[in-house]
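Student: need coordinates for the following:
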Amino acid sequence: MPIARTRVKPETQREGATAIRGRSSPLGATISPQGVNFSVFSRSASTMELLLFDREDDDRPARVISFDPTFNRTYHYWHVFVPGVQAGQIYGFPVRCAGLPSRPGELLGVCTRVFLRTAPGV
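Tutor: Modelled structure (predicted):
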């Protein structure tokens, strides 16, 4: 099954968009009736992606949202709002950092991978 990829750009700031800019505060996943705002702090990240998984045992994400560093970053805070995401969503952040060793085919090394589940209820 192909992975749905989304790149957040300023022109996607409209109702019904798959992902929009979001807010830098508060950190973490903040659930609202409209979706979830994701915010991560990283001084060393050069790129950021949000991976959304359908099930815990999935090898590959169902959706990948690539952050635009000029649009989805405020100082060292990377952020995006994803409409329609609900409590219980499994997500991860593969963060790429400049200056770390990379594997063949990678330009940057993966400095961390964070996998979490949004709270079951608010």
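Student: and the residue lying closest to Gly84 once chain neighbours are set aside, how many residues sit next to it?
Tutor: Distances taken as Cβ to Cβ, 6 or more residues apart in numbering place Gly35 nearest to Gly84, at 5.4 Å, with adjacent residues excluded. Heads up, the C-betas are built off the backbone N, CA and C, glycines and all. Residues near Gly35, counting by other Cβ atoms under 10 Å, number 18.
Student: quick one: Gly35 from Arg43, how far?
Tutor: Distance, Gly35 to Arg43, by Cβ to Cβ, to the nearest Å: 27 Å.
Student: now do Ser25
Tutor: Here Ser25 is placed at a distance of 17 Å from Arg43 (Cβ to Cβ).
Student: these two: which has the busier surroundings?
Tutor: Taking neighbours as other Cβ under 10 Å, Ser25 and Arg43 compare with Ser25 leading, 10 against 7.
Student: who are the neighbours in contact with the more buried one?
Tutor: The contact partners of Ser25, by Cβ atoms under 8 Å, 6 or more residues apart in numbering, come to Ser39, Tyr77.
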